[in-house]
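A.B. asks: Provided below are the primary sequence and the corresponding predicted coordinates.
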Amino acid sequence: MKNSMIGILTAATLAFFSCGENKSISEGVVQISGKIGNPPKNGFLILSQYTEASPKVLDTLEINGSGEFSYEVEVTSPTFYELNLYGQRIVKLALLDEDVSVTYDINQPSSLQIEGSSDSKEMLKLEKLMDDYQVKVNLLNEQYYEAMSKNDAEAIKKIQQDAIILESQQAENVKAMINSMGDSFAAMSAIGLLNPQNDFPFLDELITRLNENYPGTPSIQQMKLQLDEMRALAVGQIAPDFELPDPNGKLIKLSDLRGKYVMIDFWAAWCKPCRIENPNVVRLYKQYKDKGFEVFGVSLDRTKEDWVKAIADDKLTWTHVSDLQYFNSAAAELYQIQAIPATYMIDPDGKIIAKDLRGPSLESKLAELFD
């Protein structure tokens, strides 16, 4: 079960706002201040800044006898920071031109308050959204392991379907929150919670807008380059055509299957997850082939013997092609395949409508298309 808590740009260095006057963006200085209640005798307040590679520790902050602290950082472009509160709480902040203040009581986990930086307040909202989601993920995981221990196939299938629904709902929740952020660059911290393949149009529009509002920001430029590379394979684009030989040496084009819903299935005889998924695809192919469903199997095998044997052993009766070049296959390179199994669903006009469908997600999509 995928854990959507992992983000592309999980960036944060914590900052705390004081009652003093905010610095202007031209001055490039932001004040981080706050108060920690019941600080432990051991441990530190550690401020880190997120870079492209990893968080970089900037300094250890000192607190006075009243638990108060203050620190200034130079900020010339949208930057994410992280404040480690004695190992008890990580606070993520997005800083640009507003001071920020954080108050937290070590003995009261729900006491965290952020004042000042509007972008940092958005980060806190996002954290709450993800915490709520993680509770639901943990519950599904518990149910899944219990069903596995009982070998309850029906329960396992139901949990997998629930997980797909939950992930889809969470993606919509994340997008709604990003929209509610307006022009806040804190939206960058939420990008990694979405699937660029499934949510490409949304992310493309978001990055275009952020790039206009914060020109020259490295993290935005990096994401823009990634999306530009993905554009040709985004949902809604015409699937790039290619031609490869079938087991008999006959050249077959993807476009030869126009007029049907086609799933391009990148697989190989040596790929265990692919072989495990094959019976599910066989079942669904039998169910929907007469309604206009076709599978275009693209093997990343190295030898014809292994490839043909796997086709026969798994009873794969659909169209198969391969140049037997492993991941150097022309089709694999064209579709930027880094791991298998990998799938693309193409509509009768040759347009990409979904990616990486298998198991319950493939079954649900086919039912949506044909039932």
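C.D. replies: Looks like it came in fine.
A.B. asks: rest of the way, CA atoms for contacts and neighbours
C.D. replies: Noted.
A.B. asks: what about the strands in the stretch 51-200 of the chain?
C.D. replies: Applying DSSP state E, counting those that start in this stretch to the stretch 51-200 of the chain gives strands spanning 55-61, 68-74, 79-85, 89-95, 100-105, 108-116.
A.B. asks: show me what the last one is packed up against.
C.D. replies: Using 3 or more CA pairs under 8 Å, 6 or more residues apart in numbering; DSSP states H and E as the contact definition, the elements that strand 108-116 packs against are strand 100-105, helix 118-150.
A.B. asks: of all those, which one is nearest residue 47?
C.D. replies: strand 100-105 (12.7 Å; CA to CA).
A.B. asks: for the closest one, name the packing helices and strands.
C.D. replies: On a contact count with 3+ CA pairs under 8 Å, 6+ apart, strand 100-105 meets strand 29-37, strand 108-116.
A.B. asks: contact partners of that strand?
C.D. replies: If you take CA atoms under 8 Å, 6 or more residues apart in numbering as the criterion, strand 100-105 is touched by 15-18, 30-39, 111-117, 120.
A.B. asks: so where's the stretch 51-200 of the chain uncertain?
C.D. replies: Scanning the stretch 51-200 of the chain with the threshold set as pLDDT under 70 gives 52-53.
A.B. asks: same thing with the stretch 201-350 of the chain?
C.D. replies: For the stretch 201-350 of the chain, counting by pLDDT under 70, not a single residue falls below.
A.B. asks: hang on, residue 321 packs against residue 298?
C.D. replies: Yes. Between residue 321 and residue 298 there is a contact under CA atoms under 8 Å: 5.2 Å.
A.B. asks: for the stretch 251-371 of the chain, what spans make up the helices?
C.D. replies: If DSSP state H, counting those that start in this stretch is used as the criterion, the helices of the stretch 251-371 of the chain fall at 272-288, 304-313, 330-334, 360-370.
A.B. asks: quick one: closest of these to residue 72.
C.D. replies: That would be helix 330-334 among the helices of the stretch 251-371 of the chain, by CA to CA, at 47.8 Å.
A.B. asks: for residue 266, which residues are in contact?
C.D. replies: Here residue 266 is in contact with 297, 298, 299, 300, 332, 340, 341, 342, 343 (CA under 8 Å, 6+ apart).
A.B. asks: and if we set it to 6 Å?
C.D. replies: 298, 299, 341, 342 (CA atoms under 6 Å, 6 or more residues apart in numbering).
A.B. asks: which of the helices and strands packed on strand 100-105 sits most buried?
C.D. replies: Highest mean neighbour count among the helices and strands packed on strand 100-105 (mean count of other CA atoms under 10 Å): strand 29-37, with a mean of 23.
A.B. asks: check which helices and strands the helix or strand following that one sits against.
C.D. replies: Downstream of strand 29-37, the first helix or strand assigned by DSSP states H and E is strand 45-50. Here strand 45-50 touches strand 55-61, strand 79-85, going by 3 or more CA pairs under 6 Å, 6 or more residues apart in numbering; DSSP states H and E.
A.B. asks: for the spatially closest residue to residue 300 that is not a sequence neighbour, grab the count of nearby residues.
C.D. replies: Leaving aside its chain neighbours, residue 300 sits nearest to residue 326 (4.2 Å; criterion: CA to CA, 6 or more residues apart in numbering). Residues lying near residue 326 (other CA atoms under 10 Å) number 16.
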